[in-house]
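**Student:** One predicted model, sequence on top.
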Protein chains: 2
Amino acid sequence: MSGQPMPLPQLLDHLKRTAALSQVAGLISWDQETMMPTDGAAQRAEQAGAIATVIHACNADPRVPEWIAEIDQGTLSPFELRNIAEAQRAYDRATKIPSRLAEEGARAASEGQRLWAQAREEKDFSMFVPALRRNIELKRDEAGCLAAPGAELYDCLLDEFEPGARAAELLLMLESLRPGLVALREKIAGKPAPQPLTGHFPADAQLALAKTIAARIGYNFEAGRIDTVVHPFCSGNGGDVRITTRTDEADPFNCLYSTIHEVGHALYAQGAPDSYLPAADYCSMGVHESQSRFWENQIGRSRSFADWLYPAMEGAFGELSLAGPDALYAAVNRVHSGFIRTEADEVHYNLHILLRFGLERDLISGALDVGDLEEAWNARFVCDFGETVPDPSFGVLQDVHWSIGLFGYFPTYSLGNIYSACLDRAMRIDLPDRDAMIRAAETQPILDWMREKIHVKGRVLPAPQLIEEATGEKPSAEPLIAYLENKFSGLYDL
Amino acid sequence: MSGQPMPLPQLLDHLKRTAALSQVAGLISWDQETMMPTDGAAQRAEQAGAIATVIHACNADPRVPEWIAEIDQGTLSPFELRNIAEAQRAYDRATKIPSRLAEEGARAASEGQRLWAQAREEKDFSMFVPALRRNIELKRDEAGCLAAPGAELYDCLLDEFEPGARAAELLLMLESLRPGLVALREKIAGKPAPQPLTGHFPADAQLALAKTIAARIGYNFEAGRIDTVVHPFCSGNGGDVRITTRTDEADPFNCLYSTIHEVGHALYAQGAPDSYLPAADYCSMGVHESQSRFWENQIGRSRSFADWLYPAMEGAFGELSLAGPDALYAAVNRVHSGFIRTEADEVHYNLHILLRFGLERDLISGALDVGDLEEAWNARFVCDFGETVPDPSFGVLQDVHWSIGLFGYFPTYSLGNIYSACLDRAMRIDLPDRDAMIRAAETQPILDWMREKIHVKGRVLPAPQLIEEATGEKPSAEPLIAYLENKFSGLYDL
């Protein structure tokens, strides 16, 4: 073997190069949303396709299994073992799914999004049915290529976003939220609504305040930037993690809280141990979402933060229509029934996810036919929310996910809420004076705790184990229900 | 052969994918100069390296010569033949230059730029000598891989920027500029200098006026954007051609004329027949530069344009220190001796290029040793400009090109000036009322002429033939000298 390059360094080099190309794919996608001129769209589709083909070829490189077979795994660290496992996982996905199927899937997603947008505009679900049916067929075929005999197809889709998760177990955890959420919603429904914030809030002042908040909670502007878009997102890794936000001059909370949410994602990405190897990547989408939700809700929507935010908003916008921090705290936590997931409060949000999770699982298993989806959605909505969906743009057509073939993604949102509450509970014990830090917006110890427990851990452990090691308890829905009951009992005098 | 994919479509698909990846490489380079946060630099180097490796593998794909061998070229159009020739040319470059040499070249360029910047800062050429020597060695090795036996090595380097050009012929053309330029410079030296523009010119107003000018001369903002940088450039293809500019609040001409220059490049790129195949790409760097110079000098620095620009500048900045369009015309054409190429006027500029062209050709041939370069530069400068270089930051260390291994690039600047004058002369005959168009900044017929004669022609013809077909005459230095003599005789009352 002397003089031969060793298989592990060769594999790691290959993984780093692949990761660099994936970062490029992410960058051109960011550019498309923020900077690209209109007429660049056709070229960009070609560019994205070309990069995707290259990345696929890297993942499917026949040398990968050869290198893995030659590596003596007995002496390796958990970090090294995870890199090997992730290389095998990417190889399996890339080689088991025929390229014809991957290409058809990409085309069907693009076509699906187009027809979904039309159908939503026309408020006519039937226009979208054939495209959605096609997406589901292709996703079932894709899952069929990956699934072990007898396994649930949906789990193969879920695995892309939440490695190792199983729908049956996840359902138990998420459904255990339902009774508490429904009870809370019903108790709050009888109470007077808090005063909303009214006024005019110039976009520039909103963006300046959003940047101030981002910097105070630890977002590193030397390793990122903020731009404005229609649908905010976070993108990038390590030394280049970019966030986006938007402004509504009647509602500064939209900008401020979407910024805090994306900063939560960005802190995780900026705090990763290094930006190249898969074991250093984020653990799962659920853990990623736990970071955004934690900063948005447990910190940003806390009573303590209102003490800092109220004068900061007065400084940015002049006198506010709200009387003080208590009123601000009530306004940013206003509970209101509504049809749209992305506008939902902390009490209703997970009910939206439960509805989608159940339906998409049945769509993939075949228990629910696409032709019956609208009726099923509307029936579930009355049951869970007590209201009748006025038209499909407020119901089954509101989210883009299914139109682009994203199945198995929705439950990671609720998992993020559950994990954020688990982390919140453990952190309160470790940092007894946390409220004082939040009141002063001096949150470095909070970030340090999260860095140490989550960010630097990468993808070495599966998500449930990562949370258990961070908190000392197996993750469950209980901390989230307790957090919500405590918070909203106080706010609504329940 | 039935049922087999045909070799030509396969080759063209491959070339389109390769072009899309090259566009991505261009985009991440644009991002690096305009948008990237500081801490993204290390990752970006990895990303750029990964994409470069992928593009190299595409160019060196062993299927390329197989496809070419299978294609029946007898029936093909000139456009198709050029695509095949360009594929062969890229294949030869990618396979004849060993990857070890390409990698060492990239490293030496990066190291060279670092040491050049230090040496320039310290005004000490000797600090830069070893790195420059290394760059030249590697460039000679690279050229040696490509050159036919007995060919001049420099021609292989020139060929990358000016396909098919030969240094010996180019020298004759460029040197024929010298007597006329020197005579003009000497005559002007005895004349009073025109009044300069003074005042304060807010950056925002400069950028707004620059955008107005860009749009009026035909830059399509639906297919591009303008951002500010330290060193302006143009980047992109087809539907996504981005330009950059800079502002100096004491000197609005810097912003306005660098914008017009980059718009000239951008109009060429926006007017290409399609953005994917190599035969549709720009003809040569000389032709590219002819487009930027034409809009900058023949249009932007014309007496007619001053009629439009003067009131436009008054609108943007208020009252000007210059009395009217005549004074503006004189100010933007001020001839001044100076050491720095990028600040040179139309009379001095090509003398700067002649100096560099001669020296770099001798460096590559070995006739001039790097250790003697500073002395050679300074001696030539006294001869050509009649002044003594005060220190190497005003002399041999002023340009970045050699530090990053760019040899064979400088002469394309002068070639651009020569071609722009050839095109200008022919266009004046075809568009007899061109001055009136420029006075009104209604230049669409001018752009249409250039689109038809140059932009839509791509790379099908070699540059000299393209210019000859466009103008009806073989390209020569004569139109440029005639243009300069006519312009400056009027301006300086010679």
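**Tutor:** That came through fine. Numbers count the residues shown, from 1 in each chain, chains lettered A, B, ... in the order given.
**Student:** use CA for all of it now, contacts and neighbours both
**Tutor:** Fine.
**Student:** can you tell me if the longest helix seen in chain A touches chain B.
**Tutor:** Secondary structure of chain A per DSSP state H: the longest helix is helix A:7-34. Yes. Counting by C-alpha under 8 Å from any C-alpha of the partner chain, contacts between helix A:7-34 and chain B involve A:17, A:20-21, A:23-24, A:27-28.
**Student:** Helix, strand, or coil at A:Leu197?
**Tutor:** Secondary structure, DSSP: H, G, I helix; E, B strand; the rest coil: A:Leu197 is coil.
**Student:** how far away is it from chain B?
**Tutor:** Going from A:Leu197 to chain B by C-alpha to the nearest C-alpha, to the nearest Å gives 35 Å.
**Student:** got the contact list for stretch A:237-245?
**Tutor:** Residues external to stretch A:237-245 that are found in contact with it (C-alpha atoms under 8 Å, 6 or more residues apart in numbering or on different chains): A:23, A:222-236, A:255, A:258-259, A:262-263, A:266, A:269-272, A:274-275, B:36-43.
**Student:** Just the buried residues from these, in PyMOL please.
**Tutor:** In PyMOL, this line selects whichever of those come out buried by 16 or more other C-alpha atoms under 10 Å in any protein chain shown:
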select buried, (chain A and resi 23+223+224+225+226+228+232+233+234+235+236+255+258+259+262+263+266+269+270+271+272+274+275) or (chain B and resi 36+37+39+40+43)
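**Student:** what residues does the stretch 301-450 of chain A put near chain B?
**Tutor:** Contact residues (C-alpha under 8 Å from any C-alpha) of the stretch 301-450 of chain A with chain B: there are none.
**Student:** how far out from the middle of the chain is stretch A:127-140?
**Tutor:** 23 Å (C-alpha atoms, centre = their mean, to the nearest Å).
**Student:** Compute the mean per-residue pLDDT across stretch A:62-75, please.
**Tutor:** The average pLDDT within stretch A:62-75 is 95.
**Student:** Over to stretch A:221-235?
**Tutor:** 96.
**Student:** Is any residue of it near chain B?
**Tutor:** Yes. Counting by C-alpha under 8 Å from any C-alpha, contacts between stretch A:221-235 and chain B involve A:221-225.
**Student:** what's the first-to-last distance across that stretch?
**Tutor:** 14 Å (C-alpha to C-alpha, to the nearest Å).
**Student:** again, but for stretch A:153-168
**Tutor:** Stretch A:153-168 end-to-end distance (C-alpha to C-alpha) = 12 Å.
**Student:** try stretch A:140-155
**Tutor:** First-to-last residue span, stretch A:140-155, C-alpha to C-alpha: 11 Å.
**Student:** Mind listing what's buried along that stretch?
**Tutor:** Residues of stretch A:140-155 classed as buried by neighbour count (16+ other C-alpha under 10 Å): A:140-147, A:152-155.
**Student:** buried sites along the longest helix of chain A?
**Tutor:** Buried residues in helix A:7-34 (16+ other C-alpha under 10 Å): A:7-8, A:11-12, A:14-33.
**Student:** Inside strands: which ones of the contacts of stretch A:237-245?
**Tutor:** A:226-228, A:234-236 (DSSP state E).
**Student:** give the contact list for A:Glu162.
**Tutor:** Neighbouring residues of A:Glu162 by C-alpha under 8 Å, 6+ apart: A:284-286, A:412, A:463.
**Student:** same check, this time on A:Asp399
**Tutor:** A:Asp399 touches nothing, counting by C-alpha under 8 Å, 6+ apart.
**Student:** Please give the element, helix or strand, for it.
**Tutor:** Using DSSP states H and E, A:Asp399 is not contained in any helix or strand.
**Student:** Do you know the pLDDT at it?
**Tutor:** pLDDT for A:Asp399: 95.
**Student:** Please report how far it lies from A:Glu162.
**Tutor:** 20 Å.
**Student:** As a markdown table, the buried residues of stretch A:140-155 with secondary structure would be great.
**Tutor:** Compiled in a markdown table, these are given as follows (three-state DSSP):
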| residue | secondary structure |
| --- | --- |
| A:Arg140 | helix |
| A:Asp141 | helix |
| A:Glu142 | helix |
| A:Ala143 | helix |
| A:Gly144 | helix |
| A:Cys145 | helix |
| A:Leu146 | helix |
| A:Ala147 | coil |
| A:Glu152 | coil |
| A:Leu153 | helix |
| A:Tyr154 | helix |
| A:Asp155 | helix |
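**Student:** Closest one of these to chain B?
**Tutor:** Of all the buried residues of stretch A:140-155, A:Glu142 has the smallest distance to chain B: 25.4 Å, by C-alpha to the nearest C-alpha.
**Student:** show me the residues around the closest residue to the closest one other than its chain neighbours that make contact.
**Tutor:** Once flanking residues are discounted, A:Glu142 sits nearest to A:Ile97: 6.1 Å by C-alpha to C-alpha, 6 or more residues apart in numbering or on different chains. Contact analysis of A:Ile97 by C-alpha under 8 Å, 6+ apart lists A:142, A:145-146.
**Student:** Pick out whichever of those residues sits closest to A:Arg428.
**Tutor:** Proximity of the contacts of A:Ile97 to A:Arg428 (C-alpha to C-alpha) peaks at A:Leu146, which lies at 41.5 Å.
**Student:** helices or strands next to the helix or strand hosting A:Arg100 in the packing?
**Tutor:** For A:Arg100, the element it lies in under DSSP H and E is helix A:99-122. When contacts are defined as 3 or more C-alpha pairs under 8 Å, 6 or more residues apart in numbering or on different chains; DSSP states H and E, helix A:99-122 sits against helix A:129-146.
**Student:** try 10 Å
**Tutor:** helix A:41-59, helix A:129-146 (3 or more C-alpha pairs under 10 Å, 6 or more residues apart in numbering or on different chains; DSSP states H and E).
**Student:** now the ones you listed in JSON lines, with mean pLDDT?
**Tutor:** Below are the helices and strands packed on helix A:99-122 laid out as JSON lines (pLDDT from 0 to 100):
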{"stretch": "helix A:41-59", "mean pLDDT": "93"}
{"stretch": "helix A:129-146", "mean pLDDT": "96"}
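**Student:** Tell me which of those helices lies nearest to A:Tyr349.
**Tutor:** Per C-alpha to C-alpha, nearest to A:Tyr349 of these: helix A:129-146, 24.2 Å.
**Student:** Just give me how far that closest one sits from the chain centre.
**Tutor:** When distances are taken as C-alpha atoms, centre = their mean, helix A:129-146 is centred 23 Å away from the chain's centroid.
**Student:** per-residue confidence for the closest residue to A:Ala48 other than its chain neighbours?
**Tutor:** With C-alpha to C-alpha, 6+ apart as the criterion, A:Ala48 has its nearest non-adjacent residue at 6.6 Å, and that residue is A:Ala25. We have a pLDDT of 95 for A:Ala25.
**Student:** Next: A:Gly3.
**Tutor:** Predicted confidence (pLDDT) for A:Gly3: 51.
**Student:** how about stretch A:332-344: buried residues?
**Tutor:** Using 16+ other C-alpha under 10 Å as the burial criterion, the residues of stretch A:332-344 that qualify are A:332-336, A:339, A:341, A:344.
**Student:** cool, stretch A:56-67 as well?
**Tutor:** A:56, A:58-60, A:64-65, A:67.
**Student:** Can you verify my assumption that A:Asn254 contacts A:Asp248?
**Tutor:** Yes. Counting by C-alpha atoms under 10 Å, A:Asn254 touches A:Asp248, with 6.8 Å between them.
**Student:** quick one: A:Asp369 from chain B, how far?
**Tutor:** 39 Å.
**Student:** Skip the chain neighbours and tell me the closest residue to that residue.
**Tutor:** Per C-alpha to C-alpha, 6+ apart, closest to A:Asp369 is A:Leu363, 6.3 Å.
**Student:** Sweet, I'm off.
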